[in-house]
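Student: Test case, fold it:
(chains A, B, C and D)
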2 protein chains.
Amino acid sequence: MRRGLLYGAVGGALLVLLKLVEYQYLVRVYPAEVYGGVVAVIFMAVGIYAGIRLTRPKVVEVEVVKEVLVSAQPFALNAGKLKELGITQREHEILGLIAEGLSNREIGERLFVSENTVKTHSSRLFEKMSVNRRTQAVQKGKELGLIP
Amino acid sequence: MRRGLLYGAVGGALLVLLKLVEYQYLVRVYPAEVYGGVVAVIFMAVGIYAGIRLTRPKVVEVEVVKEVLVSAQPFALNAGKLKELGITQREHEILGLIAEGLSNREIGERLFVSENTVKTHSSRLFEKMSVNRRTQAVQKGKELGLIP
DNA sequence: CGCAAAATCACCCGGAAGTGTGACGACAAA
DNA sequence: TTTGTCGTCACACTTCCGGGTGATTTTGCG
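Tutor: Modelled structure (predicted):
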């Protein structure tokens, strides 16, 4: 869009210049070489200016993001620890619900299984995590990056 | 450095062109206007090219430093919430120990009080926090900034 | 297919957790 | 002094949790 205008303006200026040139007194006074040289210099100047104008918006913004210390909630699950401890995904799921403060019964209701099943899962989970209370499991789970 | 070379080259090219122009057969065949126009167009093209060349290395690097939250464990205790809920410091202390996964008995041992006392404190604490399980108290306590 | 792991469920038991009530002493504010 | 809050403790009772055992079904993989 802007380029179109610029080109148009340049073209117009060129025509005007040629029109002015019709007054041949300049040509009569000086030889053709000088005339051509002057025109060349003028248009080169215009060309350089146009070139600068055309390329000026070529400003490259290099955005350097310096992360000083990220801890704005990027919880990255420690899948390695999970595998290392042999915790199944069901057990992991239950760990999360325990951390939310749900009772075994509530967890069972949410997962559509019996409370006994939840107990079995949590028992095995505690065994694998080497804890013997749900609160400890929560604490250790957070330390190990198993839960946010 | 490079600019000097470029200017020299451009000057040289200009001279060469003017020399070529000496062969006047071109001038004889076409009127002066056309001659001037051709020279103008050629030099404008050269000028535009030169302008682009000259300004190309003008890449402006804008370094935007974005700092992403630095919170590296600045646990600020929400004393207001504590007062608002009417939680005493003893109760708050016990909340902290509960969050560490201790049992009531262990808490009692650490504070040199009976398990029953711990139960009383935790009961009142739960009531004030509107929860009915220690795991919920821990979760809510972290949300409210009562514990780290 | 057949096996192993995972998930499901049940039952029992002991202990932990949570609720409710009552009580006592210390201490500060009214 | 009286009142109120806080911390302490006890006891009874209910509910929940955790450990142990055993069993069945589902599922994923070679």
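Student: Can you tell me the closest non-neighbouring residue to A:G96?
Tutor: Of all residues not flanking A:G96 in the chain, A:I147 sits nearest, at 5.4 Å (Cβ to Cβ, 6 or more residues apart in numbering or on different chains). C-beta coordinates here come from the backbone N, C-alpha and C atoms, glycine included.
Student: my bad, should have said A:E93
Tutor: Once flanking residues are discounted, A:E93 sits nearest to A:L111: 7.4 Å by Cβ to Cβ, 6+ apart.
Student: Tell me the predicted confidence for the residue nearest to A:G96.
Tutor: A:I147 carries a pLDDT score of 93 in this model.
Student: and if you look at A:N78?
Tutor: pLDDT, A:N78: 88.
Student: Distance check, it against DNA strand D.
Tutor: To DNA strand D, A:N78 is 21 Å away according to Cβ to the nearest atom of the strand, to the nearest Å.
Student: Checking the closest residue to that residue other than its chain neighbours next. Helix, strand or coil?
Tutor: Distances taken as Cβ to Cβ, 6+ apart put A:G145 closest to A:N78, at 3.5 Å, once the chain neighbours are dropped. When classified by DSSP: H, G, I helix; E, B strand; the rest coil, A:G145 comes out as coil.
Student: for A:G145, what are its contacts?
Tutor: A:F75, A:A76, A:L77, A:N78, A:K81 (Cβ atoms under 8 Å, 6 or more residues apart in numbering or on different chains).
Student: my guess is the residue nearest to A:G96 contacts A:E100, does it?
Tutor: No - at 9.3 Å, A:I147 and A:E100 do not qualify as touching, with contact defined as Cβ atoms under 8 Å.
Student: Which one's more surrounded, the two?
Tutor: Neighbours were tallied for A:I147 and for A:E100 using other Cβ atoms under 10 Å in any protein chain shown; the higher tally belongs to A:I147 (20 against 15).
Student: Spit out the contact partners of that one.
Tutor: Contacts for A:I147 (Cβ under 8 Å, 6+ apart) come out as A:L95, A:G96, A:A99, A:V138, A:G141.
Student: Separate out the buried members of those residues.
Tutor: Buried subset of the contacts of A:I147 (neighbour count, 16 or more other Cβ atoms under 10 Å in any protein chain shown): A:L95, A:A99, A:V138, A:G141.
Student: Could you tell me which of those are located in helices?
Tutor: A:L95, A:A99, A:V138, A:G141 (DSSP state H).
Student: shouldn't the third one be in contact with B:A137?
Tutor: No - under the contact definition of Cβ under 8 Å, A:V138 does not touch B:A137, with a separation of 11.5 Å.
Student: follow-up on the earlier one: pick out the most distant pair among the contacts of A:I147.
Tutor: The largest separation in the contacts of A:I147, counting by Cβ to Cβ, is between A:G96 and A:V138 at 9.5 Å.
Student: Wondering if stretch A:89-109 reaches DNA strand C at all.
Tutor: Yes - using Cβ under 7 Å from any atom of the strand, stretch A:89-109 reaches DNA strand C at A:Q89, A:R90, A:E91, A:G108.
Student: So what does the first one look like in phi/psi?
Tutor: Main-chain torsions, A:Q89, degrees, to the nearest 10: phi -70, psi -30.
Student: Over to A:V113. Which of the three states is it?
Tutor: Here A:V113 is coil, with the state taken from three-state DSSP.
Student: Show me which residues of chain A sit near DNA strand C.
Tutor: So chain A meets DNA strand C at A:86, A:88-91, A:108, A:111, A:113-114, A:116-117, A:119-121, A:133 (Cβ under 7 Å from any atom of the strand).
Student: What subset of those is buried?
Tutor: Buried among the residues of chain A next to DNA strand C by 16+ other Cβ under 10 Å: A:E91, A:G108, A:T117, A:H121.
Student: what's in contact with the helix or strand where the second one lies?
Tutor: Yep, that's A:G108 we're talking about. Using DSSP states H and E, A:G108 sits in helix A:104-111. With contacts defined as Cβ under 8 Å, 6+ apart, helix A:104-111 is touched by A:E93, A:I94, A:L97, A:I98, A:L102, A:S114, A:E115, A:T117, A:V118, A:K119, A:S122.
Student: That helix and DNA strand D, any residue contact?
Tutor: Yes - contact of helix A:104-111 with DNA strand D (Cβ under 7 Å from any atom of the strand) involves A:N104, A:R105.
Student: what mean pLDDT does that helix have?
Tutor: 96.
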